[in-house]
Structures are given as C-alpha cells and as structure tokens.
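Novice: Need a 3D model of the following:
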Amino acid sequence: MNTFLIPDWPAPAGIRACVTTRAGGVSLAPFDSFNLGDHVDDDPVAVAHNRQRLTHVFDVQPAWLSQVHGVVVAPATPGQIIEADASWTATPGIACTVMTADCLPALFCDRAGTRVAAAHAGWRGLAAGVLEATAQSLNVEPQDILVWLGPAIGPKAFEVGAEVRDVFMRDLPQSAAAFVPSLNPGRFMADIYELARLRLARCGITAVFGGGFCTVTDSRFYSYRRSPRTGRFASLVWIETSS
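Specialist: Prediction:
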C-alpha cells in the first residue's frame, strides 16, 4: 500500500500537494496506522510521531486546524491551532492542511503559483460556502484558480435526508443534479463532488480536478461512516521553498 497519494492536477511549477493514507505510521488499531488526528482518542505519542514523519518526509511545516464545519478561512500558521475549516498562505514551506475521514478536502492554488489554500468541506460547510470563502482568500480572479478535490465519501455511499437536499437546492437549484433518490423513501444519494463543482462553477471556477474517490469503500483511507472509531488522514498543499 502506498503511503501517500499525490494529486494529479496541472498545478504550476513549485506547487506541491499530497494526501496521506492509513499506511506508514505507528498508531495501533483501530487507528492503524498513520492517524494524524489528535482528537479521536488515539495515543498522543503515536499521533505526534506520525505528524513528525509527515513533516520530515516532505520537509514542510503543516498548519493544523481545529475544524468545526464552518466557513472561516485563516492564514496558515504552524504551531498555532486555529479554529477554522480552511487556511491559505503565500509563504513557501508552510502547508495548508485539512484532516478528513469522509468529508471533502479541497486544495487550491493560483495559476501563478503564488498562493495556496486548503478547505475541509462536510455537507454543512459546503452548503454554507466554505469553498467560495477559500477561493476568495487567494485574492485572484476565478479563472486563475485551480482546485483539486481529494478523497471523500462517494455518491454510492452518501445517503442523506430530504432536508439536506433542500438546503442545497434553496441556495442553488442546479444542485438537484447531485441527488438521486435512494432505495429508502424520502432519502437521497448525494454526490459531494458534483455539489462542490456546481458551487465553484457558480463563482467562476471551472478548473476543477480530482474526485472519483470513495473513502467508505477505499480501504486506503479512514472513513467515519465505515467505522465511527477511526483516525483522520490529511490533505496538504504548499509552495516549495527555493533550493
């Protein structure tokens, strides 16, 4: 099993990104093995070891967040845990970092390679506009933004109630395309990737890549829906430091 997933997107030279998997760490079951979440009741020593390995492998300083399913976008600040669901930076060597286990991680950069950002989008944050807020933090025109959508719960596993569908459709009627009636009356299978693309397109961002993963069925990744007591994997994006 590969330890890291490297995003396949046409990011400019100098932009680096990665997604961790469950492999390559020291955490014991049920967090085995590369858990990076320090809020899931894993051994703090193991989590610290895993985080240190991530920093060492990529020679980067991750800026960890305390994620709350909101829309706050903060400057990426290593060593300071900020309550936010997205971060941005223009400083080389600092990695905008989000942790997930079914929610959608989205990585952003501008075409000039001068700014990067990362967002954590569960359905609540997605509906509230966390992706739009993250895009705004780059302070460039929408056509100059690239986005990569990382591993999240897939459309065949994400069953939601009609109230979730209604939240999205009230704000963006085109969201109906992202919901298919499930076998259970009154419930729908939701495509979080399509919802993200629709919301990004509304604000003029069409250079969107990634998607096609499913954390519930892909054992490389942690999934809260598959196993509520589990770890978290991380998605990072950063500007490479000059050699």
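
Novice: where along this structure do the helices fall?
Specialist: Here the chain has its helices, by DSSP state H, at 44-58, 123-128, 130-137, 162-171, 192-202.

Novice: Need the contact partners of the shortest one.
Specialist: Residues outside helix 123-128 that contact it (CB atoms under 8 Å, 6 or more residues apart in numbering): 69-71, 85, 103-104, 119, 160, 164, 167-168, 171, 190, 192, 195-196, 199. Placement of C-beta: from N, CA and C, glycine included.

Novice: so how far is residue 109 from residue 15?
Specialist: Taking CB to CB, to the nearest Å as the criterion, residue 15 is separated from residue 109 by 5 Å.

Novice: Pick out whichever of those two has more residues nearby.
Specialist: residue 109 (29 against 23; other CB atoms under 10 Å).

Novice: Provide a list of residues in contact with that one.
Specialist: Neighbours of residue 109 in contact, by CB under 8 Å, 6+ apart: 11-12, 15, 115-117, 138, 145-146, 237.

Novice: Likewise for residue 122?
Specialist: Applying CB under 8 Å, 6+ apart, the residues near residue 122 are 69, 102-104.

Novice: how about 6 Å then?
Specialist: 69, 103 (CB atoms under 6 Å, 6 or more residues apart in numbering).

Novice: And the residue nearest the centre of the chain?
Specialist: When CA atoms, centre = their mean is applied to the chain, the residue found nearest the centroid is residue 105 (1.1 Å).

Novice: Can you tell me which of the helices of the chain is most buried?
Specialist: helix 130-137 (a mean of 23; mean count of other CB atoms under 10 Å).

Novice: Restrict that helix to CA atoms and write it as CSV.
Specialist: Output of helix 130-137 as CSV, limited to C-alpha atoms (Å, rounded to 0.1, in the frame of the first residue of the first chain):
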residue,chain,number,x,y,z
VAL,A,130,-16.6,27.2,2.7
LEU,A,131,-15.2,26.6,-0.8
GLU,A,132,-16.3,30.0,-2.0
ALA,A,133,-14.7,31.7,1.0
THR,A,134,-11.5,29.7,0.5
ALA,A,135,-11.3,30.8,-3.2
GLN,A,136,-11.7,34.4,-2.1
SER,A,137,-8.7,34.1,0.2
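
Novice: what's the angle from it to helix 192-202?
Specialist: Orientation check (axes from the mean of the first three to the mean of the last three CA atoms, to 10 degrees): helix 130-137 against helix 192-202 gives 40 degrees.

Novice: Could you measure from the residue in the chain sticking out farthest from the centre over to residue 169?
Specialist: For the chain, the residue at maximal distance from the C-alpha centroid (CA atoms, centre = their mean) is residue 185, at 30.5 Å. With the distance defined as CB to CB, residue 185 ends up 19 Å from residue 169.

Novice: Low-confidence stretches in the protein?
Specialist: 1-2, 243 (pLDDT under 70).

Novice: before we move on, back to that, quick check: the two most widely separated of the contacts of residue 109?
Specialist: Across the contacts of residue 109, the longest distance by CB to CB is 14.5 Å; it joins 12 and 117.

Novice: out of these two, which sits in the busier spot?
Specialist: Applying other CB under 10 Å to residue 12 and residue 117 shows that residue 117 carries more neighbours, namely 28 against 13.

Novice: and the more buried one, what are its bridge partners?
Specialist: residue 88, residue 108 (DSSP bridges).

Novice: so it touches residue 110, yeah?
Specialist: No: using CB atoms under 6 Å, residue 117 is not in contact with residue 110, being 9.2 Å away.

Novice: Between those two, which contacts overlap?
Specialist: With CB under 6 Å, 6+ apart, residue 117 and residue 110 have common neighbours residue 138.

Novice: wait, what's in contact with the residue farthest from the centre of the chain?
Specialist: Contacts of residue 185 by CB under 6 Å, 6+ apart: none found.
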